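**Student:** curious how this folds, go ahead:
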Amino acid sequence: MKQLSKAQTAFFLAFLVIMWGVNWPLSKAALAYSPPLLFAGIRTLIGGLLLLLVALPRLQKLRFKQTWHIYLISAILNISLFYGLQTIGLNYLPAGLFSAIVFFQPVLMGIFSWMWLGESMFALKLVGLAVGFAGVAVISAAGFSGHISVTGILLALGSAISWALGTVFMKKTGSRVDSIWMVALQLTIGSVFLLISGFSTESWSAIQWTAPFVISLLFISVFVIALGWLVFFMLVGSGEASKVASYTFLIPLISITVSALFLHEPLTFNLLAGLLFIVISICFVNSKPKKLKAANPLGIKGKAAQ
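**Tutor:** Residues are numbered from 1 along each chain as shown. Okay, here's the model as predicted:
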């Protein structure tokens with residue numbers, strides 16, 4: 001994939017951060033009108049079908065017989081588990097708090113990238129990982145004293161883990177598939193698993209097709225999911241993965257702000273302190289010492305490089 005200009009990178013990063021930031025309070029509000037799995041399945045199906053229309057002119061690049069397993073694994077990790085766990089979890093925690101835990105994902109990605117992609121591990125990254133774990137612990141502390149849901153915390157962590165694994169898997173296999181088909185098929189395939197789960201455990205008649213729900217559903221499907229994932233893979237595929245990771249700390253900040261303003265969610269000391277730790281952690285994990293940039297004399301390689 002071709003390199004993006006600085007202006008293009010800045011525009012796409014701003015779009016991604018804003019869209020994925022407002023996603024959490026919008027999804028939280030929409031869950032008042034729909035069961036979680038059906039809502040997750042419908043919005044990812046709409047997003048997937050829209051991107052299939054974009055992908056069809058590139059049919060010769062699909063090579064489905066050779067690459068179907070890549071689409072399937074990516075769909076399970078990045079869509080079925082990520083959206084399924086987060087949509088259920090938003091019923092247990094405030095949107096801002098939930099998003100703060102989920103965006104521990106860049107720190108987890110640092111660990112998984114070292115283990116499976118052979119990316120360098122150095123002292124500052126190790127400190128960053130420790131600070132990140134401390135941030136999640138601070139945010140989650142209220143759950144173990146009964147103030148917030150432990151189930152919600154575990155679902156948020158599960159969502160973060162599935163997304164981190166999915167992103168690392170995409171980085172490892174992305175050169176073997178077309179990026180547009182990857183986004184379109186993972187959304188479409190993932191939505192099928194979500195809808196099957198929804199039909200099995202939830203009632204279609206429980207969905208209230210009100211104007212606020214339909215507007216939220218369409219906005220999330222088009223801008224957050226279809227265009228959001230397309231931009232995310234575009235940035236990662238063009239070599240901007242570190243920039244994406246380093247700017248993700250802005251997403252829970254936007255989510256927390258919007259949730260406080262429009263959903264009247266409380267801003268607790270634990271939440272703000274834990275988020276600060278995670279922000280510092282992401283900065284440390286995505287930094288790279290000058291010596292390592294030049295020659296990597298002290299870099300510790302992961303298993304994939306050994």
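**Student:** need the contact list for the closest residue to S149 other than its chain neighbours.
**Tutor:** Take S149 and drop its neighbours on the chain: the residue closest to it by CB to CB, 6 or more residues apart in numbering is Y92, 4.0 Å away. The C-beta positions use only the backbone N, C-alpha and C, and glycine is treated the same way. Contacts for Y92 (CB atoms under 8 Å, 6 or more residues apart in numbering) come out as 149, 151-152, 155.
**Student:** give me the buried entries from these.
**Tutor:** Among the contacts of Y92, those buried by neighbour count (16 or more other CB atoms under 10 Å) are 149, 152, 155.
**Student:** which among those gets closest to M170?
**Tutor:** Proximity of the buried ones among the contacts of Y92 to M170, judged by CB to CB, is greatest for L155, which lies at 22.3 Å.
**Student:** give me phi/psi at that closest one?
**Tutor:** Reported as degrees, to the nearest 10, the phi and psi values for L155 are phi -70, psi -40.
**Student:** ok, the buried ones among the contacts of Y92 vs S162, which is closest?
**Tutor:** L155 (10.6 Å).
**Student:** sorry, back to before: export the buried ones among the contacts of Y92 to CSV and tack on distance to A206 and pLDDT?
**Tutor:** Shown next, in CSV, are the buried ones among the contacts of Y92 (distance: CB to CB, whole Å; pLDDT from 0 to 100):
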residue, distance to A206, pLDDT
S149, 22, 87
G152, 21, 92
L155, 20, 96
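**Student:** where's the residue nearest to S149, which helix or strand?
**Tutor:** Here Y92, judged by DSSP states H and E, is contained in no helix and no strand.
**Student:** any idea which helix or strand of this protein has the worst average confidence?
**Tutor:** Every helix and strand in the chain was compared by mean pLDDT, DSSP states H and E; the lowest is helix 290-294, with a mean of 56.
**Student:** closest one of the buried ones among the contacts of Y92 to I111?
**Tutor:** Using CB to CB, those come closest to I111 at L155, 20.2 Å.
**Student:** in contact with the closest one, which residues?
**Tutor:** Applying CB under 8 Å, 6+ apart, the residues near L155 are 85-86, 88-89, 92.
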